[in-house]
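**Q** coords please:
(2 chains)
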Amino acid sequence: MSQAVWKTPPAAEDGRPTADRAAALGLVWGKWWAVLLAGSVVQLALFYGIGLLGETSHYLGIPGAAAALFGVLAAVACGPIIGGVVALVGGAAFIVFVTDFGGLVELPAIVIAIILWTLAAIVAGLAARAVRRRAAAREALLSQALADTETSKAGVESILALAPAFHGFERYDDMVKAICAAARQTFASRSASLYRYTDGRLVLLGREPATPLLPNGWQIEAEELPGLFQELDSGLPGFVADTSIDTRPVRDSEVTRALGLRSALRIPILLTPSSAYLLVIGWSDVQETLDSTRLALARRFADQAAVALEHAEAEALHKRLEQSLLSRSRDPHPWLDIHIRYRSGERRLGLGGDFVDYVVHDDQTLDFVIGDVSGHGPDAAALGATLRSGWRALADAETPPRQTLDALNKVLFSERSSANLYCTLLAGRIDASTGSLTLANAGHPPPLVIAKEARLLLVKPVLPLGCEHEDGWRLEAFQLPPAWSLLFYTDGLFEGVIEPGSLERYGIDRLAQRFARAAPGPIPVTLLDEVMLELEEANGKPPPDDIAVLLISKGNGAAAPF
Amino acid sequence: MVSQERSPRSKIAGPPIDLQVSYRLGPPLIYVKGELDHDTTGYLREMIDQEFKEDTRVLILDFSELAYMDSGGLSLMFDTVQRLKDSGRLAVVGANPGVSRLLEITGLADHPRFSLFPDQRAAAAAVGTAGLT
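**A** Below is the predicted model:
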C-alpha cells in the first residue's frame, strides 16, 4: 500500500534496458578500433604473403575479394563508416601490392574495383544497422509489454489488498477520504476527488489532498462536462489527456488550471440506476493516453469503491429508518424514569418494524406506545415509522385512546403495501395525579410489572391493527402500587434460544422469572441492560429479530403525589 | 388419503418446516412440522393460498409437531382468520404450551372464527356440527 501501483514503465524512462538487451544479442560490437586494426593488419599480411608466392598476377583476385569481404564484415559489425574505412585500407594495400609486384593492371580498373567494394561495405553496414534497429524496437516493445503486465498485475493485487481499507469506518467522510487516498496512490496522481451524482449535478464528497478551491459540497452541472453522460450511462471511464485544450466552460478550466492539473481520468461508479458516483483522478503532467493497464485498474477500482459505497448507503438508510422508529422525545418526567432500548436483529439490514415512543403532557400525564409491524425490510420499517409519527401527532393533540387506535388502524389500512402486514401494539397512559395506568392491547405481548414481585400484566388483547375490529377497542385500567417498574417490549426480546445450538426458546415465562429475581421494583436500567446482554449471550449471536424495549419506573417517590 | 409433501429444506437455512395436506376429515387439514417463523411462514402461506377456495369455510392446522411460532407465523394466523367468511372457522389442533400461550396473549384464541382443539377428534366433532353445513 505504500507504493504507487501505476507508474511509467521503466523502458520509457531511459533507453538503457533496450540497449542492454540488444548488446546481449551481440548486434553491436563497441570495439570498432579493434575491428579496424585487425582488418587492416590481416589484409596487409595477406598481400605480403601472396607476394611471397611469386607470380602475383595469377592471384590478383584473392586480395581484392579479401578487401571486399573484410569491408562488409566490419560494416556489419561496426557500421558503414568503419566498414568503408576497412575497405579503403584494403584498397590502398591492393595498390601497393599491384605496384610492387607487377603493374599489370590499369589504374582506372583499380579505382573502380576499390570504389565498388567500398560501396558494398557501406551498403552492407546500412542494411545491418536497419536490421539491428528493427530488432531493437521489437525488443523494446517486448520489454514494455512485460513491464506493463507486471505493473497491471501488481495493480490488481494492490487493489485487492486495498479493498478492506474502505470498510469499517464509523463515519461516511472517513470512508470517502480513504477511497480518495487509495485512488491517488493507486494511480500515482496528484489528486483524487469523489463526487455523488444527483439530479444532473455532481456534488463533491471529498478530495485528496483537500483544497480550499474545491470545498466539500462544491457542485458542478453534469452537462458542463462533455461526455460525462455517456460515461455515466456506460460505466466506462473517460479520459481527458490535456485539460488545457479541453472545451470546458471557463469557470471549470480556471479551477483546473489553478489546481495545476493537466490530465484527468473520470471513473464512474454505478450502484443503481438512481445512485451514481464519479471518481476524478488528476495528474499535473500530460498523460499521453489511457493505456489498457490503467483502464483495467480504473474499472477494478470502481468495483471495489462501489462495494464500499453501497454498503455505506445501506448503513445510512438503515440508520435513518432506525431513528424514525424510535422516539425522538427525551422529555424528562419529574417522577418517572423512562428508558428506551433498541437492538437490531440478526438480519441487520433487514430492519424490522418495531417502534416505540412517549409523550409527557403539561399536567405530567404520560402517554406511551410500543408496536411491532409484522415482517421485515423497508416496508415494515417504513410502516412502523409512519405509525409512530402518527401516534405522536395524536398524543400531542391529546386525542382519546379509542380514537387514537381507530386513526392508527386507518393509517395502517391505507399505508400498508401488502394486505398481510399487521401491527401489534400496546398503548397506554399513566395519570400522574392518581397513579392509575390505562392500557389498550392489540395483539401485543403483555407488559411485565415489577413491584413487590414481578408478574405479567395480562391485558386482554384485541386483534392487531390491520384486522377488522367489529367489537371495537378494549381499555383496561390498573392502580399502580407505591413502587414499581413497567417493562414493555416486542417479542424479539424473548425469541432467542436458551443456549447456543439449542432449539428451545427463552419464552415470555422465563423472562418473567428472570425479572422476578430482581424484585422488588423499581429496577435500575442497568439491570435491563444486564438481562439483555444475558439473553444475547444465551442465544450465542445477535437476536433473530429486532428488539424494542420501554422501561418506565417510578423515580424519587417522595416528590410523587401518588 | 390424498396427500402431498413439500420439504423446502434446500431453500432455507435453519430449522426446516414440513407441510403435508390431507382431506381425511373433509376440509383441508395441514400438518405443520418444525418451526413457523419469519423465514418459513411463506411456505405455509403458499399452501393455505393453494387450499383456499371460494367456498372454503373451515381450515384445520395440525400443530402437534410444531415446535415454535413467532410473530411471523402469528400474522399468517390473523390473515387466515380475516379471510374466512362469517361462519368460517380456523381450527388449530394440538398446539404445544408455548404456541398456545402466544395465541392466547395476542387475543387470537378469543377470536370467534378461531378455535384451539387438543386433538383431531375434538376438531372433527366441532367441524362436523359447525363446519360442513
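**Q** Please count neighbours and contacts with C-alpha atoms only from this point.
**A** Noted.
**Q** Show me how far the top helix by length along chain A is from its chain's centre.
**A** Of all the segments of type helix in chain A, defined by DSSP state H, the longest one is helix A:107-162. In terms of Cα atoms, centre = their mean, to the nearest Å, the centre of helix A:107-162 is found 44 Å from the chain centre.
**Q** Stretch A:319-333 too?
**A** Put simply, stretch A:319-333 sits 32 Å off its chain's centre (Cα atoms, centre = their mean).
**Q** Please apply the same query to stretch A:511-529.
**A** The chain centre lies 46 Å from the centre of stretch A:511-529; the measure is Cα atoms, centre = their mean.
**Q** can you check stretch A:197-207 too?
**A** Worked out by Cα atoms, centre = their mean, stretch A:197-207 lies 16 Å from the chain centre.
**Q** If you average the pLDDT over it, what comes out?
**A** For stretch A:197-207, mean pLDDT rounds to 88.
**Q** got a list of contacts for that stretch?
**A** Residues outside stretch A:197-207 that contact it (Cα atoms under 8 Å, 6 or more residues apart in numbering or on different chains) are A:173, A:176-177, A:180, A:191-196, A:214-223, A:275-278.
**Q** just checking: which of these also lie near chain B?
**A** Taking Cα under 8 Å from any Cα of the partner chain as the test, chain B is in contact with none of the contacts of stretch A:197-207.
**Q** Mind giving me the PyMOL select for those, buried ones only?
**A** In PyMOL syntax, the buried subset of the contacts of stretch A:197-207 is picked out as below (16 or more other Cα atoms under 10 Å in any protein chain shown):
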select buried, chain A and resi 176+177+180+191+192+193+194+195+196+216+219+220+222+276+277+278
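**Q** Quick check: which ranges of the chain have low pLDDT?
**A** Here I'm looking at chain A. Along chain A, the parts satisfying pLDDT under 70 run over A:1-30, A:51, A:53-60, A:99-105, A:155-156, A:158-165, A:167-168, A:243-258, A:346-350, A:556-562.
**Q** ah, I was thinking of chain B
**A** Those would be B:1-15, B:128-133, if you go by pLDDT under 70 across chain B.
**Q** Can you mark which positions in the strand ranked longest in it are buried?
**A** Secondary structure of chain B per DSSP state E: the longest strand is strand B:58-69. Using 16+ other Cα under 10 Å as the test for burial, strand B:58-69 gives B:58-64, B:66-69.
**Q** next one: stretch A:429-449
**A** Using 16+ other Cα under 10 Å as the test for burial, stretch A:429-449 gives A:429-432, A:435, A:437-449.
**Q** residue ranges for the helices of the chain, please.
**A** You didn't pick a chain, so chain A it is. Per DSSP H, chain A carries helices over the ranges A:10-13, A:16-24, A:32-52, A:61-78, A:80-101, A:107-162, A:172-186, A:228-234, A:250-259, A:292-325, A:378-396, A:401-415, A:507-516, A:525-539.
**Q** sorry, should have said chain B
**A** Under DSSP H, chain B gives helices at B:41-51, B:71-83, B:97-105, B:120-126.
**Q** which residues touch the residue of chain B found nearest chain A?
**A** Closest residue of chain B to chain A, Cα to the nearest Cα: B:Thr106 (3.8 Å). By Cα under 8 Å, 6+ apart, B:Thr106 lies in contact with A:442-445, A:461-464.
**Q** again, only using 10 Å
**A** A:424-425, A:441-446, A:459-464, B:71, B:74, B:78 (Cα atoms under 10 Å, 6 or more residues apart in numbering or on different chains).
**Q** can you tell me how far it sits from A:Val459?
**A** Per Cα to Cα, to the nearest Å, B:Thr106 is found 10 Å from A:Val459.
**Q** shared neighbours of the two, anything?
**A** Both B:Thr106 and A:Val459 are contacted by A:441-446, under the criterion Cα under 10 Å, 6+ apart.
**Q** re earlier: and the buried residues of stretch A:429-449 near chain B, which?
**A** Residues of those in contact with chain B (Cα under 10 Å from any Cα of the partner chain): A:441-446.
**Q** With respect to chain B, which of the residues you listed is nearest?
**A** Minimum distance to chain B across those is 3.8 Å, recorded for A:Gly443 (Cα to the nearest Cα).
**Q** I appreciate the help and will end here.
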